[in-house]
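[1] What follows is a predicted structure for the sequence shown.
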Amino acid sequence: QVQLIESGGGLVQAGDSLRLSCAASGHGFSSYAMGWFRQPQGKEREFVAAISRIGSTYYSDSVKGRFTISRDNPKNTVYLQMNSLNPEDSAVYYCAAYRSGWDSAKLTADAYDYWGQGTQVTVSS
């Protein structure tokens, strides 16, 4: 069982940066693939970025080149560095995890077994 707690969201202006953190409790963090998803108000949840248990990274086209996902296994934490934010990035951002035996990470929400409560990111123009 893994519990995930996101932090770092807030209100920023277009062009600013934010770093989201997701702290995991429980054992075996290094065995989990981790992902970030977001849900804009009134829209479906969408994939943002994922990282395999040993660091292979994946991004949606909309954030590639602007966002960076990383993990610190000894700290049981995954990060999402978000640069050059624009109003279309406004959403509730969720951290998610699933146990993985492979050096890969899934890009669809239904692959993830554990979810955080979400953190709001609002980007003003």
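    Received the coordinates, thanks.
[2] Please make it C-alpha for all contacts and neighbour counts, starting now.
    OK.
[3] Quick check: Trp36 touching Cys95?
    Yes - counting by Cα atoms under 8 Å, Cys95 is a contact partner of Trp36 at 4.7 Å.
[4] got a list of contacts for stretch 28-46?
    By Cα atoms under 8 Å, 6 or more residues apart in numbering, the list of residues contacting stretch 28-46 from outside reads 47-54, 73, 76, 78, 80, 89-101, 104-107, 109.
[5] Okay, and which of those residues map to strands?
    Applying DSSP state E to these, the entries found in strands are 47-51, 78, 80, 91-99.
[6] How many residues are close by Gln41?
    Burial measure for Gln41: 10 neighbouring residues, criterion other Cα atoms under 10 Å.
[7] which SS state does it fall under?
    Here Gln41 is recorded as coil under DSSP: H, G, I helix; E, B strand; the rest coil.
[8] where's it relative to Phe67, distance?
    Distance, Gln41 to Phe67, by Cα to Cα, to the nearest Å: 20 Å.
[9] just Arg19 next, same as before
    The gap separating Arg19 from Phe67 is 9 Å, by Cα to Cα.
[10] How about Tyr112?
    Applying Cα to Cα, the value for Tyr112 to Phe67 is 20 Å.
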